[in-house]
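*Asks:* make a model of this:
(one chain, ligands or ions: 7)
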Amino acid sequence: MRCSGVCSFILLIAVLASPALQSTAQMDVWSSGGVHPVMLKADADPTTCAQCHNNIGKGKYVHTAMGMGCTTCHQIQNEKGVTHVNLVAPVNQLCLTCHPLAGEKVLHGPYKSGDCIVCHSPHASDFPQQTWAAHQDICLGCHARARLKVNNRKKTVTVPWGVTLTLAQMQGWMYLNLNQTLTANHPVEGHPISGPNTALGPQAPPITCMSCHNAHASNFTYMLIKTPPAAGESLCKTCGLCLECHRNMFP
Ligand code: HEC
Ligand code: HEC
Ligand code: HEC
Ligand code: HEC
Ligand code: HEC
Ligand code: HEC
Ligand code: HEC
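*Replies:* Ligands and ions are numbered 1, 2, ... in the order given. The predicted model follows:
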């Protein structure tokens, strides 16, 4: 990992490299497979779930798989008069059964390890692609120091939308050295990361992390959407990424 003068990040490699922290990679976000408070028939019709769980699946953006029924992902197991509702696959493999990992060269840590529900609701939310928050807030949730709550004693981090991860799950992560309002200073000093795209004019969509990065994967370093500047180069006349918005700066 490289960190030049214009991009200074606080790296927590030292903490994260501690072998004691790398053993558990299991989500401890929601209880999976706990005892269900109500006995259910093993062959319960998926529509019965909605009688009690009528809040599940409510939101502007509903996961397409919800149309396939609750038991596509949750299985009912009755044992000794107690119902357990388990996921049909471990939580970090469930999503991959229908959405295989991208084949690109660079994969984002939490995506690669199958921690999909850190960013996405499995059911529904009010944000596109049923993410727990607006895409920009999702990114800042882990990469802005002001947003991520670190509990050094428990060796966990908690993102603003309430999901808790172990430090092992966060291996390699880094904060961006942003300004106080979390609007600028990346990838070069003073560069906007949000707000109107004044480089292209008022018709252009506003700048977000997604103007330059993919969320899951890409064939370019740092999951950039196009060719980034070469190492040590900040202003780049030939790289596709900067030219997206700065054709005028490089006549
Ligand atoms: C008679 C009411 C009722 C029905 C029917 C019902 N549930 Fe629940 N379920 C509850 C309550 C109450 C809880 C505990 C509070 C909560 O998490 O909402 C719960 C919790 C859960 C949980 C989280 C806890 C755990 O066991 O892991 C899951 C998952 C779940 N239900 C799935 C289902 C599915 C799938 C169905 C349909 C096959 C279903 N439920 C049908 C009442 C019900
Ligand atoms: C049983 C198969 C299945 C499983 C399991 C599954 N999905 Fe999906 N998902 C689909 C289908 C079908 C679509 C719609 C077509 C597409 O975009 O691939 C979809 C679409 C999506 C979308 C795009 C928005 C939408 O809903 O159309 C997201 C985001 C998503 N899934 C996330 C997840 C996550 C996170 C998990 C794990 C909790 C998961 N999926 C598990 C079948 C599944
Ligand atoms: C695409 C897969 C998928 C489908 C379809 C699905 N769930 Fe879930 N559900 C999950 C996952 C993943 C979790 C998180 C479990 C964990 O962390 O162990 C979850 C958690 C839950 C929980 C506990 C947490 C919470 O949000 O309250 C309940 C209750 C629940 N599901 C009910 C339902 C019901 C009812 C349906 C159908 C209307 C349904 N689910 C459909 C994947 C799914
Ligand atoms: C770091 C947060 C994050 C993680 C982790 C993550 N996603 Fe996403 N995902 C996003 C965002 C943000 C988008 C919207 C991307 C866009 O609009 O360019 C998205 C889009 C999607 C889509 C719809 C577009 C597409 O690529 O087909 C699917 C399906 C999806 N994610 C599934 C998954 C699955 C499966 C996993 C786990 C293997 C996962 N995501 C992990 C943030 C995340
Ligand atoms: C749950 C926490 C979490 C969230 C949310 C998150 N990241 Fe990350 N990110 C990480 C971790 C952990 C790493 C280090 C592992 C790796 O290199 O991918 C990382 C690394 C990166 C890297 C460097 C990848 C490389 O090649 O070294 C980029 C770029 C990045 N994230 C962008 C984003 C963007 C854009 C979003 C929003 C869509 C986002 N992150 C949301 C945890 C997160
Ligand atoms: C204008 C384009 C642009 C925008 C907008 C942008 N990035 Fe970047 N990002 C880059 C470039 C270029 C690099 C590579 C920096 C380098 O070479 O040091 C990078 C690198 C990163 C890295 C890796 C840093 C490291 O040292 O490994 C992370 C994490 C990251 N970006 C997250 C984000 C997040 C989160 C957002 C939104 C808040 C964002 N980026 C917005 C262009 C951008
Ligand atoms: C999504 C659009 C977008 C992309 C991609 C982008 N920029 Fe920018 N950049 C802007 C905006 C908007 C400003 C604010 C100044 C302006 O209006 O030109 C800016 C300002 C700058 C400035 C300060 C210029 C000044 O007038 O002081 C530099 C230097 C810069 N960008 C370099 C880069 C580099 C290097 C890249 C590629 C890694 C890049 N930008 C990619 C939108 C972008």
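*Asks:* pretty sure G34 contacts T83?
*Replies:* No - taking contacts as C-beta atoms under 8 Å, G34 lies outside contact range of T83: 10.1 Å. Just so you know, the C-beta spots here come from the backbone N, C-alpha and C atoms, and that holds for glycine as well.
*Asks:* so the two - more neighbours on which side?
*Replies:* The neighbour count for G34 versus T83, taken as other C-beta atoms under 10 Å, is higher for T83 (17 against 10).
*Asks:* which helix in this protein has the most residues?
*Replies:* helix 135-143 (DSSP state H).
*Asks:* does any bit of that one sit next to ligand 4?
*Replies:* Yes - contact of helix 135-143 with ligand 4 (C-beta under 6 Å from any ligand atom) involves 135, 138.
*Asks:* and whatever helix or strand comes next after that helix, which strands flank it?
*Replies:* Next along the chain after helix 135-143, taking DSSP states H and E as the criterion, comes strand 149-151. Strand 149-151 has the following strand partners under DSSP bridges: strand 156-158 (antiparallel).
*Asks:* the partner strand near ligand 4 at all?
*Replies:* No - figure legend: strand 156-158 not in contact with ligand 4 (C-beta under 6 Å from any ligand atom); closest approach 13.2 Å.
*Asks:* what does this protein have sitting close to ligand 4?
*Replies:* 95-96, 99, 108, 110-111, 114-116, 118-120, 129, 131, 135, 138, 210, 215-216.
*Asks:* could you flag which of those are buried?
*Replies:* Neighbour counting by 16 or more other C-beta atoms under 10 Å classes 95, 108, 110-111, 114-116, 118-120, 131, 135, 138, 215-216 among the residues of the chain next to ligand 4 as buried.
*Asks:* farthest pair within these?
*Replies:* G114 and H135 (19.9 Å; C-beta to C-beta).
*Asks:* before we move on, back to that, nearest to M170, of the buried ones among the residues of the chain next to ligand 4?
*Replies:* Of all those, M170 sits closest to P110, with 8.1 Å by C-beta to C-beta.
*Asks:* give me the element the closest one is part of.
*Replies:* Using DSSP H and E, P110 sits in helix 109-112.
*Asks:* now that helix: average pLDDT?
*Replies:* For helix 109-112, mean pLDDT is 97.
*Asks:* can you pull out the residues in contact with that helix?
*Replies:* 101-102, 118-119, 142, 165, 169-173, 215-217 (C-beta atoms under 8 Å, 6 or more residues apart in numbering).
*Asks:* and that helix, anywhere near ligand 5?
*Replies:* Yes - judged by C-beta under 6 Å from any ligand atom, helix 109-112 comes into contact with ligand 5 at 109-110.
*Asks:* quickly run through the sheet partners of the next helix or strand after that helix, with directions.
*Replies:* For helix 109-112, the succeeding helix or strand toward the C-terminus, using DSSP H and E, is strand 124-125. Here strand 124-125 is paired, per DSSP bridges, with strand 61-62 (antiparallel).
*Asks:* beyond the strand it pairs with, next helix or strand please.
*Replies:* Going down the chain from strand 61-62, the next helix or strand is strand 74-79, by DSSP H and E.
*Asks:* can you give the distance of that following strand from its chain's centre?
*Replies:* 30 Å (C-alpha atoms, centre = their mean, to the nearest Å).
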